Every structure is written in structure tokens, then in C-alpha cells.
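Peer 1: No letters, just coordinates:
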């Protein structure tokens with residue numbers, strides 16, 4: 001979305017979730033209190049990181065909207 005590294009998010013169909021492994025193994029890998037989703041347990045905590053990238057996401061979305069990103073994406077495809 002034209003925003004800095006770290007501002008992205010991951011969506012995976014439920015049937016594809018077991019195939020995804022984190023690049024960084026952290027807190028949730030062998031959790032003492034696992035949640036409802038192993039995907040969230042394995043990917044939620046990635047250590048200390050700044051929130052600046054997340055704060056830039058609204059500006060990136062607005063940039064895409066202002067510059068006809070659907071058309072740009074179609075032309076690049």
C-alpha cells in the first residue's frame with residue numbers, strides 16, 4: 001500500500017492458515033495459554049517495534065485513493 005515496511009497485515013483463508021509459519025519465532029510459538037487461533041499465537045508477537053509505520057497507513061490509503069490506484073493496479077497487472 002505504499003506505506004513503510006511493517007505497516008502491512010496478513011489475511012489468510014482458514015484452510016490456508018496451517019501452512020503459514022512466522023519468520024520470527026517469538027512469544028506465541030509454545031504459549032502456555034494458547035488462544036483460539038494458532039495463526040494469531042504464532043504471528044502476533046514479533047518483538048519490539050515502532051508504531052510509526054502503522055501511523056502512516058491512513059496517509060498511504062488516501063494517496064492510493066487520490067491517485068486512482070485501482071486503475072494503476074489494473075495497468076500494471
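Peer 2: Structure's in. What do you need? What you see is a predicted model, and the numbers here were worked out from it, not measured in a lab.
Peer 1: Show residues contacting stretch 10-27.
Peer 2: If you take Cβ atoms under 8 Å, 6 or more residues apart in numbering as the criterion, stretch 10-27 is touched by 29, 37, 38, 39, 42, 43, 44, 45, 46, 47. Just so you know, the C-beta spots here come from the backbone N, C-alpha and C atoms, and that holds for glycine as well.
Peer 1: and the host helix or strand of the fifth one, how far out from the chain's middle?
Peer 2: Translated: residue 42. Assigned by DSSP states H and E, residue 42 belongs to helix 38-43. In terms of Cα atoms, centre = their mean, to the nearest Å, the centre of helix 38-43 is found 12 Å from the chain centre.
Peer 1: Ok, stretch 23-38 next?
Peer 2: Remark: stretch 23-38 is offset 17 Å from the chain centroid, using Cα atoms, centre = their mean.
Peer 1: What is the end-to-end distance of it?
Peer 2: 15 Å (Cα to Cα, to the nearest Å).
Peer 1: any idea which helix or strand comes after the longest helix seen in the chain?
Peer 2: What stands out as the longest helix in the chain, according to DSSP state H, is helix 52-66. Where DSSP H and E defines the elements, the next helix or strand beyond helix 52-66 is helix 69-76.
Peer 1: where does the chain have low pLDDT?
Peer 2: Applying pLDDT under 70 to the chain flags the ranges 1-5, 26-28, 46-47.
Peer 1: Where does the residue most central in space within the chain sit: helix, strand or coil?
Peer 2: In the chain, the residue lying closest to the centroid (Cα atoms, centre = their mean) is residue 9, at 1.5 Å. Put simply, residue 9 is coil when judged by DSSP: H, G, I helix; E, B strand; the rest coil.
Peer 1: Against residue 44, how distant is it?
Peer 2: Distance, residue 9 to residue 44, using Cβ to Cβ, to the nearest Å: 12 Å.
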